[in-house]
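Colleague: the sequence isn't on hand, but the structure is:
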Ligand code: AMP
């Protein structure tokens, strides 16, 4: 496979228009080049989640201040291409400055208050230039998902705000920090460091490691942890510390007491070189992904300061509000289109041949148990599902059925929050349309029932019969519906108990699905 090297906006637009026409999902990984393993981790993630991956390489002049290192920022396009080729990147977008900022260019994005503190205070125009460039890239490439690194924590929060505030049709996925063996966060600018410098800058990651150890030992006083961080940084005389803080990631205001998801931010100078690093606090042994999830779903404390520890249900509610970030937080790493792109391509050479779509939660919190991930290892869900449908193996299953997970939020059913059902339905719409030959739909459980009734059939609450009552007499129910995109064609819908969640069991549907 070749990696296309694209330098003009028009060629980039034409390339991605073709991809969209083919119905493929598209990933964008924006970078400034001089690639390292941190960048490559984003590319690998993009490859897993989308059909086609575009990496942009552009040292964006508008995000550098006049006294900053724009001119001498490392550039190594040939080496970058050599690193990207083996990963199967489809295209590199490497425009010139003139291509991105032609004569007369005048419009900039103003990213709001979070862009004025920490990095924003140290680099006044930085986030304005960065946000403008990201907006331009999203408009040029029009990716389904854009991938960013936790390494630039404040940047990532600003981009998520940008996407939300300007209703950009892209999902943001954030990947954890990749570090060198000695703990230093990988960065293109590390190329500037000689052995002595390197020893000095290691104080940043070391200070965060100590902070982590204090938190793991039970310290929750942010001030005490911060003092230790400052002490470690101050012990390195060549470092000029710019800031060290522990903040609420929603507001970037300092916290008094550590919460899961609180973030320590550090920045320091070594001569001309500026380095940043961060740490997300999380429960003992929690993965970097879970920590990201906690940080990304942290809310601003309410003004009375009475937020306090929230009960579990409230946390769940907050997470559901953010469920469009399923991919970003990666506890559900198979959101709709990625899942479909990946597994439908592998298992269903002809989507038109699928007559029955099964809609219901499989293993939303644990994608590795998803039916399609390990078809050779049936679990309780698959065994009962096959029973219900009258098939004996995965091969038999996929010859006649396709399964999709109608609700992809973080809520672990039963009874998923209404907003989550409504939100995820946008994906279900797209998915249903992928099967032009669809004759029947099997709905598993109450969540999928409500989702289908309300958001696919557009029924009001008053006209929806309670699930338990509907299934009471026969253990299943059937109706004939019309889906707008199938015109006059009837579709049979079968409602049954969820094979793994509900205690009641529906009788086999095999005779009706022949
Ligand atoms: P840059 O080329 O520095 O603009 O970075 C491009 C993207 O790679 C940004 O989203 C960064 O956050 C991400 N990135 C940079 N360094 C790392 C790292 N060490 N680990 C993970 N992501 C990184």
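Modeller: The structure has been received and is ready for your questions. Computed from a predicted structure; not experimentally measured. Numbers count the residues shown, from 1 in each chain.

Colleague: next one: phi and psi at the closest residue to residue 483 other than its chain neighbours?
Modeller: Spatial nearest neighbour of residue 483, chain neighbours left out: residue 491 (5.6 Å); criterion: Cβ to Cβ, 6 or more residues apart in numbering. For the C-beta atoms, the positions are set from N, CA and C on the backbone; glycine is no exception. Torsion angles at residue 491 (phi, psi; degrees, to the nearest 10) stand at phi -130, psi 130.

Colleague: residue 491 pairs with what?
Modeller: In this entry, residue 491 is beta-bridged to residue 481, by DSSP bridges.

Colleague: isn't it up against residue 436?
Modeller: No. Checked against Cβ atoms under 8 Å, the pair residue 491 and residue 436 is beyond contact range at 12.0 Å.

Colleague: please tell me how far residue 455 sits from the ligand.
Modeller: To the ligand, residue 455 is 34 Å away according to Cβ to the nearest ligand atom, to the nearest Å.

Colleague: and that residue, how close does it get to residue 405?
Modeller: 15 Å (Cβ to Cβ, to the nearest Å).

Colleague: more neighbours, the two?
Modeller: Neighbour count, other Cβ atoms under 10 Å: between residue 455 and residue 405, residue 405 has more, with 26 against 19.

Colleague: which residue does the stretch 201-350 of the chain bring closest to the ligand?
Modeller: residue 277 (9.2 Å; Cβ to the nearest ligand atom).

Colleague: pLDDT score assigned to that residue?
Modeller: On pLDDT, residue 277 comes in at 98.

Colleague: so what does it look like in phi/psi?
Modeller: Residue 277 adopts backbone torsions of phi -160, psi 160, taken as degrees, to the nearest 10.

Colleague: quick check: bridge partners of it?
Modeller: Here residue 277, judged by DSSP bridges, has bridge partners residue 266.

Colleague: isn't it up against residue 204?
Modeller: Yes. Between residue 277 and residue 204 there is a contact at 4.5 Å, judged by Cβ under 8 Å.

Colleague: joint contacts of those two?
Modeller: Common neighbours of residue 277 and residue 204, counting by Cβ atoms under 8 Å, 6 or more residues apart in numbering, are 185, 266.

Colleague: can you give me the strands in the stretch 351-500 of the chain?
Modeller: Shown for the stretch 351-500 of the chain, the strands assigned by DSSP state E, counting those that start in this stretch span residues 356-359, 401-404, 440-444, 476-482, 490-496.

Colleague: which parts of the stretch 51-200 of the chain sit against the ligand?
Modeller: Near the ligand, the residues belonging to the stretch 51-200 of the chain are 148, 149, 151, 152, 175, 177, 178, 185, 186, 187, 188 when assessed by Cβ under 6 Å from any ligand atom.

Colleague: can we see that at 5 Å?
Modeller: 148, 149, 151, 152, 177, 178, 185, 186 (Cβ under 5 Å from any ligand atom).

Colleague: shaky segments in the stretch 301-450 of the chain?
Modeller: For the stretch 301-450 of the chain, the stretches flagged by pLDDT under 70 are 302-342, 363-369, 408-420, 423.
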